[in-house]
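>>> 3D, please:
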Amino acid sequence: QLQLVESGGGLVQPGGSLRLSCAVSGSNLDYYSIGWFRQAPGKEREGVSCIGASGSSASADSAKGRFTISRDNAKNTVYLQMNSLKPEDTAVYYCAVYKYLFCGAGWPEPMKYNYWGQGTQVTVSS
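Predicted structure coming up:
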């Protein structure tokens, strides 16, 4: 069974940067696509970015130009580099295993992911 552990969250000022990590155990990361989601209080969980097994990726409009998803299969880890952070990026960030090899049109749908981490809090505030 796959296990995912997120890390790297914290408190950052607007305009700052954070790099989140998602460490995967239980199997080689090579065969899996991984998505990043976030959930703010009172809001639904929303897809942020997804990276396929081949390295191709997809991102939400809110993340394009500011967030970059990457993977290091040797370390079984997926990263989310977040720059130019805004207060509205404040949320708990989760990584999850996508059921498909490629991040197609359905990647933002939480129901298409079957393993989830426990989340890491990101707070953007001055």
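
>>> chain center to stretch 104-111, what's the gap?
Averaging C-alpha positions (Cα atoms, centre = their mean, to the nearest Å) puts stretch 104-111 13 Å from its chain's average.

>>> now residue 38. Nearest residue, chain neighbours left out?
Nearest non-adjacent residue to residue 38, counting by Cβ to Cβ, 6 or more residues apart in numbering: residue 91, 3.8 Å away. All C-beta atoms are positioned from the backbone trio N, CA, C, and that covers glycine.

>>> residue 42 - that's part of a strand, no?
No: looking at residue 42 with DSSP: H, G, I helix; E, B strand; the rest coil, it is coil, so not inside a strand.

>>> what about it, how many neighbours?
Residue 42 sits with 5 neighbouring residues when counted by other Cβ atoms under 10 Å.

>>> same question for residue 28.
Neighbours of residue 28 under the rule other Cβ under 10 Å: 10.

>>> from memory it sits against residue 75, does it?
No: applying Cβ atoms under 8 Å as the test, residue 28 and residue 75 come out as separate, 11.3 Å apart.

>>> which SSE is the most centrally placed residue in the chain in?
Centroid-nearest residue in the chain: residue 36, 2.1 Å away (criterion: Cα atoms, centre = their mean). Assigned by DSSP states H and E, residue 36 belongs to strand 33-39.
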